[in-house]
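Enquirer: One predicted model, sequence on top.
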Amino acid sequence: MSDIDKLRRDYARDELDEATAESVPLAQFRRWLDDAVAAKLVDPTAMTLATVGEDLRPSTRVVLLKGCDERGLVFYTNYRSRKARELAIHPQAALQSYWPDLERVVRVEGRVGKTSEEESDAYYRTRPLDSRIGAWASPQSEVIASRALLVTEAAKVAAKYLLDPPRPPHWGGYRLVPDRFEFWQGRTSRLHDRLRYSLKPDGSWLRERLAP
C-alpha cells in the first residue's frame, strides 16, 4: 500500500473574494458549473447526494445534476431505491460538487421533493433508449442473484416496449430547494476561501466568510 499520508498538494489556482462573488448563490453556482463544463472536466454535473435513514445512519451516492434554476437543483432516480426511501422519511438532503482540477467544492443543503410527473416524463423521453429500458429492468438497491438477471429483464422490457418504453411509475425526479450554499476555493497554505450563503426569512441571502 502506498504512503497515502504523504500525498498532498498546494492550491494556488484561483481565489474567491466577496468583491467579485455573486450576491445570489444560484448565480455563483451557475458560474462555477459553467467553468467546469468549459474546462471539459469529466462528469462536471456529478454531485454527491447525502441522505439520512430512519436509523439516522447517513449514506451517500453520486447523482447527476439535470436541472438548475430558481426552483432548485434536480436529479432523477428510482423511487424505490435506498435514497428514495430515506428521502420519504427525512426530506432534507445535501448535495456536493467537487471539481479537483479547478480546486473547487460547492455544498448545497435544503428540502427535497419530487418533481411533477410532467417534468419527469419530459426528461425521461430525452434519455438514450438503453437508459430508458434500464429504468424498468433494475430493482435499484435490491439484492439480486446475478448480472444475468438484469440482462434478461432488460431484454424482456425491450421486447415489450420496442423503441418507445414509457416512464416507469417508480422512476422520476427530485428537486432540492436550497436554503444554504457553501463555496470552497483552494488557496495556498491551506488558508482556503469559504463563502456561505444562508437563506433568510424574507427570502434574501446572507453571505458570510468562514474560516478554512
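Expert: Done, it's in. Numbering: from 1, shown residues only.
Enquirer: mind listing what residue 180 touches?
Expert: 107-110, 196-199 (C-beta atoms under 8 Å, 6 or more residues apart in numbering). Placement of C-beta: from N, CA and C, glycine included.
Enquirer: Could you tell me which of those residues belong to strands?
Expert: With strands taken from DSSP state E, the overlap with these comprises 107-110, 196-199.
Enquirer: Only the buried subset of the residues you listed, as a PyMOL command please.
Expert: Selection of buried members from the ones in strands among the contacts of residue 180 for PyMOL, criterion 16 or more other C-beta atoms under 10 Å:
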select buried, resi 107+108+109+110+196+197+199
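Enquirer: Residue 25: which of the ones in strands among the contacts of residue 180 is nearest?
Expert: residue 197 (3.9 Å; C-beta to C-beta).
Enquirer: how near is the residue lying closest to the closest one once chain neighbours are set aside to residue 116?
Expert: What sits nearest to residue 197 in space, not counting adjacent residues and going by C-beta to C-beta, 6 or more residues apart in numbering, is residue 25, at 3.9 Å. In this view, residue 25 and residue 116 are 24 Å apart by C-beta to C-beta, to the nearest Å.
Enquirer: which of those two has more neighbours?
Expert: residue 25 (23 against 11; other C-beta atoms under 10 Å).
Enquirer: still on that earlier bit, where does the residue nearest to residue 197 fall, phi/psi-wise?
Expert: phi -60, psi -30 (degrees, to the nearest 10).
Enquirer: Give the burial count for the residue lying closest to residue 24 once chain neighbours are set aside, as a bare number.
Expert: Nearest residue to residue 24 in three dimensions, chain neighbours excluded: residue 205, at 6.2 Å (C-beta to C-beta, 6+ apart). As a burial measure, residue 205 scores 18 neighbours (other C-beta under 10 Å).
Enquirer: Show me which positions of the helix or strand harbouring residue 51 end up buried.
Expert: Assessed by DSSP states H and E, residue 51 sits inside strand 46-52. By 16+ other C-beta under 10 Å, the buried positions in strand 46-52 come out as 46-47, 49-52.
Enquirer: starting at the chain centroid, how far to that strand?
Expert: 6 Å (C-alpha atoms, centre = their mean, to the nearest Å).
Enquirer: going on from that strand, what's the next piece of helix or strand?
Expert: Taking DSSP H and E as the definition, the helix or strand that follows strand 46-52 towards the C-terminus is strand 58-64.
Enquirer: The residue nearest to residue 11 when sequence neighbours are not counted: how many residues sit nearby?
Expert: Spatial nearest neighbour of residue 11, chain neighbours left out: residue 186 (2.8 Å); criterion: C-beta to C-beta, 6+ apart. Using other C-beta under 10 Å as the criterion, residue 186 is surrounded by 22 other residues.
Enquirer: In contact with residue 186, which residues?
Expert: 11-13, 103-104, 192.
Enquirer: hang on, the earlier thing: compile the ones in strands among the contacts of residue 180 into a markdown table and extend it with columns for pLDDT and distance to residue 179.
Expert: Formatted as a markdown table, the ones in strands among the contacts of residue 180 follow (pLDDT from 0 to 100; distance: C-beta to C-beta, whole Å):
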| residue | pLDDT | distance to residue 179 |
| --- | --- | --- |
| 107 | 98 | 12 |
| 108 | 98 | 9 |
| 109 | 98 | 7 |
| 110 | 98 | 5 |
| 196 | 98 | 11 |
| 197 | 98 | 9 |
| 198 | 98 | 7 |
| 199 | 98 | 4 |
